[in-house]
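Participant: Kindly generate the corresponding structure for this input.
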Amino acid sequence: MPERSKSTSASNLPLILDIDDFKGDFSFDALYGNLVNELLPSFQEEVADSADGHGIGGTDVLSNGHVRASSDAAKFAQGLSSPLFPEVDALLSLFKDSCKELIDLRKQIDGRLYNLKKEVSTQDAKHRKTLTELEKGVDGLFDSFARLDSRISSVGQTAAKIGDHLQSADAQRETASQTIELMKYLMEFNSSPGDLMELSPLFSDDSRVAEAASVAQKLRSFAEEDISRTVPSVVGSATASRGLEVAVANLQEYCNELENRLLARFDAASQRRELSTMSECAKILSQFNRGTSAMQHYVATRPMFIDVEVMNSDTRLVLGDQGSQASPSNVARGLSSLYKEITDTVRKEAATIMAVFPSPNDVMSILVQRVLEQRVTALLDKLLVKPSLVNPPTMEEGGLLLYLRMLAVAYEKTQELARELRAVGCGDLDVEGLTESLFSAHKDEYPEHEQASLRQLYHAKLEELRAESQNSESSGTIGRSKGASVASSHQQISVAVVTEFVRWNEEAISRCTLFSSQPAILAANVKAVFTCLLDQVSQYITDGLERARDSLTEAAALRERFVLGTNLSRRVAAAAASAAEAAAAAGESSFRSFMVAVQRCGSSVAIVQQYFANSISRLLLPVDGAHAASCEEMATAMSSAEGAAYKGLQQCIETVMAEVERLLSAEQKATDYHSPDDGTAPDHRPTNACTRVVAYLSRVLEAAFTSLEGLNKQSFLAELGNRLHKGLLNHWQKFTFNPSGGLRLKRDITEYGEFVRSFNAPSVDEKFELLGILANVFIVAPESLSTLFEGTPSIRKDAQRFIQLREDYKSAKLASRLSSLWSSSG
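Facilitator: All right, here's what the predicted structure looks like:
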């Protein structure tokens with residue numbers, strides 16, 4: 001907008017607003033500024049001056065833009081008559097003129113917009129008309145293209161049909177030409193049988209052998225097909241058929257002669273290592289039965305299949321010199337060497353086969369199959385002679401175990417050979433399946449041989465132990481007492497022997513794993529083999545426990561003889577005392593032996609259980625029920641040993657109690673509990689009988705504390721404690737007690753109670769504590785007896801019997817005195 005002169009009034013000149021002012025980046029603030037800036041500069045300068053003079057001229061400018069004057073300035077301003085904003089009128093006039101011009105400009109713009117809309121509508125109508133005409137033209141063009149494409153397609157199909165007809169005609173012409181040629185050759189073979197002298201040069205020229213072989217095969221197939229097609233036809237074709245049969249016979253004779261000639265040439269080239277000639281012959285021979293005869297002929301002529309010395313060398317390498325017994329380790333080394341040599345030979349032959357034969361995989365399949373079925377089988381037949389289960393070889397000859405070890409070594413090494421041959425190449429041959437078939441006869445009866453071997457080893461071990469026991473018995477009996485001889489003459493259980501049983505079984509399980517690939521078969525074989533171990537260990541430890549029980553029985557017999565001879569003459573009594581000592585020694589020795597047997601029995605069972613957990617269970621878990629069944633069998637197998645152990649422990653208690661009773665009878669004196677009233681101080685020591693009994697129990701039960709454990713130990717000691725309590729009660733019924741004797745008895749009871757406290761049996765401890773209370777009946781005055789049982793009524797029955805043992809029982813008339821007490825309390 002052009003600037004207006006400052007000296008000119010805004011109301012005198014019109015505002016000039018241009019349409020271009022509203023184009024582009026339009027800003028209302030800029031437009032408004034351009035309108036009013038010509039009128040406001042003086043006012044802006046005054047405001048600026050007022051702001052600069054703040055604090056000097058006595059005025060303050062507020063934050064909202066108004067001016068606050070001081071009191072003097074305000075009074076002065078009130079005296080002025082000029083307006084505060086003189087440009088207001090000019091601005092109002094300016095805004096009115098601007099509004100008028102803006103209205104004019106809007107009318108101009110509206111007119112222009114109307115004209116533009118009208119022109120656009122006209123152009124759009126023309127454009128739509130043009131587009132419609134173009135669409136019609138394009139549709140026509142598409143129709144033309146479609147007709148052209150259809151025509152081209154039709155022409156192409158016709159040309160393709162013509163080409164197919166021409167190709168078919170050419171093929172028919174070629175076939176007809178070949179057929180005519182073949183018919184000529186067929187007529188040559190249709191002469192008299194065996195007359196092949198008048199054939200075309202094709203069939204006699206060595207340089208055209210490949211072509212002759214191809215033609216001969218075509219003629220054979222044509223003639224054989226014709227014969228098979230005319231066999232069911234009418235009789236009139238019999239002459240033609242006979243003619244073709246003659247041709248077929250002659251062709252077969254010629255093919256045989258040609259094949260033999262090629263095989264001879266192949267052999268000659270093979271000896272000279274002329275691979276190119278061999279390859280040429282093999283390629284031609286592949287037209288005869290797919291070259292099967294050439295492949296089989298090549299494999300059959302390999303030196304390792306026809307040289308007898310190779311077979312003998314294999315046997316010597318694996319089995320050693322004739323007459324010597326080969327060991328599994330030597331056989332393993334021999335098989336490794338032999339199979340490495342076989343693999344190297346096959347690898348060398350594979351290089352030749354790849355260079356010569358058009359189908360090398362088929363040849364490799366035949367070669368590897370021949371290696372396994374001839375060379376390996378011949379060796380295995382000599383190495384693995386299946387033993388009889390009825391009359392097995394003796395242990396001196398190696399037993400069944402030697403055969404099983406040889407079988408495992410041969411199987412494992414042959415499997416390795418199969419993997420090596422697979423790596424070298426064997427075509428489509430199932431080399432692993434073929435290897436399995438070599439051992440099928442042995443694997444079918446393997447479980448029976450394994451179990452029989454374990455039984456043979458077990459019986460041989462028992463014979464060995466029996467012989468050792470007899471030798472030690474015969475050499476050790478001299479100078480040994482009779483009582484010691486009773487216990488030591490029986491063979492003890494050996495944990496080392498049970499460990500050997502487990503080692504045999506572990507070796508057998510490793511063979512089961514080797515021979516059994518299916519989880520179900522493996523689980524069945526493992527279960528059967530483990531059952532053998534359970535039977536062996538159960539029988540061995542049960543027999544050992546029974547032998548130890550026999551020692552206890554023999555010791556009991558010695559005690560019986562001692563009892564029968566106690567009431568005879570002094571000399572016989574002395575002999576009986578000697579016999580009693582011998583019986584005691586035998587009893588103590590047999591007790592210790594049985595405890596050792598029980599300890600070793602427990603260790604043996606623990607070894608079997610650990611072996612089952614570590615080695616057997618994981619092999620049984622994949623089959624449902626197998627693991628649980630084996631656990632049940634293990635518990636059943638050990639039940640017989642548990643029964644023998646229980647009976648033996650009962651005999652041990654009987655043995656101990658018999659010796660306790662003997663010591664009490666021999667050592668206990670009547671004066672121990674009825675000392676005379678001679679004024680001497682009472683003896684507060686335990687009686688000699690008590691001391692001897694406690695010393696004996698401490699000595700003999702040391703073996704029980706060491707050998708027994710867990711519930712077995714707890715039950716045994718509790719039972720022994722109860723029997724000891726009962727025996728002591730019965731023993732004291734034989735004596736009469738005075739007060740000092742009662743004190744002595746109380747001291748004995750304390751000694752016994754302290755000893756049985758080591759049993760860790762609360763019920764036994766309680767019984768001996770009650771015995772201590774019961775002994776008070778001999779100490780208190782008669783009138784105080786009734787107060788003893790007020791807190792412990794449970795011992796009243798035993799107290800009645802004990803009170804009768806008081807020396808003053810009759811003199812103090814305790815029976816009548818206490819009868820009222822028992823009746824009232826009852």
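Participant: residue closest to the middle of the protein?
Facilitator: Centroid-nearest residue in the chain: Arg618, 7.2 Å away (criterion: C-alpha atoms, centre = their mean).
Participant: can you list contacts of the helix or strand encompassing that one?
Facilitator: Arg618 belongs to helix 617-620 when assigned by DSSP states H and E. The set of residues external to helix 617-620 that reach it, using C-beta atoms under 8 Å, 6 or more residues apart in numbering, is Ile509, Cys512, Thr513, Leu522, Ala523, Val526, Lys527, Ala626, His627, Ser630. Every C-beta, even on glycine, is put in place using the N, C-alpha and C of the backbone.
Participant: Can you list the buried residues in that helix?
Facilitator: Within helix 617-620, the residues scored as buried using 16 or more other C-beta atoms under 10 Å are Ser617, Leu619, Leu620.
Participant: picking up where we left off before, mark which of the contacts of helix 617-620 are buried, thanks.
Facilitator: Buried among the contacts of helix 617-620 (16+ other C-beta under 10 Å): Ile509, Cys512, Leu522, Ala523, Val526, Lys527, Ala626, His627, Ser630.
Participant: Report the secondary structure state of Pro622.
Facilitator: What DSSP: H, G, I helix; E, B strand; the rest coil gives for Pro622 is coil.
Participant: Tell me, what's the model's pLDDT at it?
Facilitator: Pro622 is assigned a predicted lDDT (pLDDT) of 87.
Participant: For it, give its distance to Ile19.
Facilitator: 97 Å (C-beta to C-beta, to the nearest Å).
Participant: of the two, who's got more company?
Facilitator: Legend: neighbour count by other C-beta atoms under 10 Å for Pro622 and Ile19, higher for Pro622 (13 against 10).
Participant: Give the closest residue to that one in space, chain neighbours not counted.
Facilitator: Excluding the flanking residues, the one nearest Pro622 by C-beta to C-beta, 6 or more residues apart in numbering is Pro519, at 4.3 Å.
Participant: I figured that neighbour was touching Leu621, is that so?
Facilitator: No: assessed by C-beta atoms under 8 Å, Pro519 is found out of contact with Leu621, at 9.4 Å.
Participant: Going by neighbour count, which residues of stretch 778-796 are buried?
Facilitator: Here stretch 778-796 shows Phe778, Ile779, Pro782, Leu785, Ser786, Leu788, Phe789, Ile795 as buried, counting by 16+ other C-beta under 10 Å.
Participant: Could you work out the most separated pair of these?
Facilitator: Based on C-beta to C-beta, the longest span within those runs between Pro782 and Ile795 and measures 18.1 Å.
Participant: roughly how far apart are the nearest residue to Asp672 once chain neighbours are set aside and Gly741?
Facilitator: Among residues not flanking Asp672 along the chain, Thr687 sits closest, at 4.4 Å (C-beta to C-beta, 6+ apart). Noted for Thr687: a distance of 10 Å to Gly741, by C-beta to C-beta.
Participant: Check Asn688 too.
Facilitator: From Asn688 to Gly741 the distance is 14 Å (C-beta to C-beta).
Participant: Compare those two (neighbour count), which wins?
Facilitator: Gly741 (25 against 14).
Participant: which residues does the residue nearest to Asp672 contact?
Facilitator: Counting by C-beta under 8 Å, 6+ apart, Thr687 makes contact with Glu667, Gln668, Lys669, Asp672, Tyr673, Arg744, Arg747, Asp748.
Participant: Just the ones of the contacts of helix 617-620 in helices?
Facilitator: Those of those mapping onto helices are Ile509, Cys512, Thr513, Leu522, Ala523, Val526, Lys527, Ala626, His627, Ser630, per DSSP state H.
Participant: Nearest to Val756 among the residues you listed?
Facilitator: Ser630 (42.0 Å).
Participant: Is it correct that the closest one is in contact with Ile616?
Facilitator: Yes: applying C-beta under 8 Å, one finds Ser630 in contact with Ile616, separated by 6.8 Å.
Participant: Quickly list what's touching both of those two.
Facilitator: Jointly contacting Ser630 and Ile616 under the rule C-beta under 8 Å, 6+ apart are Phe530.
Participant: are any of the contacts of Thr687 buried, and which?
Facilitator: Using 16+ other C-beta under 10 Å, the buried ones in those are Gln668, Asp672, Tyr673, Arg744, Arg747, Asp748.
Participant: Closest to Leu429 out of the residues you listed?
Facilitator: Nearest member of the buried ones among the contacts of Thr687 to Leu429, counting by C-beta to C-beta, is Asp748, at 91.4 Å.
Participant: which non-adjacent residue is nearest the closest one?
Facilitator: Cys690 (4.2 Å).
Participant: Just list what the longest helix anywhere in the chain packs against, helices and strands only.
Facilitator: Secondary structure of the chain per DSSP H: the longest helix is helix 88-189. For helix 88-189, the elements it packs on are helix 28-36, helix 209-230, helix 238-271, judged by 3 or more C-beta pairs under 8 Å, 6 or more residues apart in numbering; DSSP states H and E.
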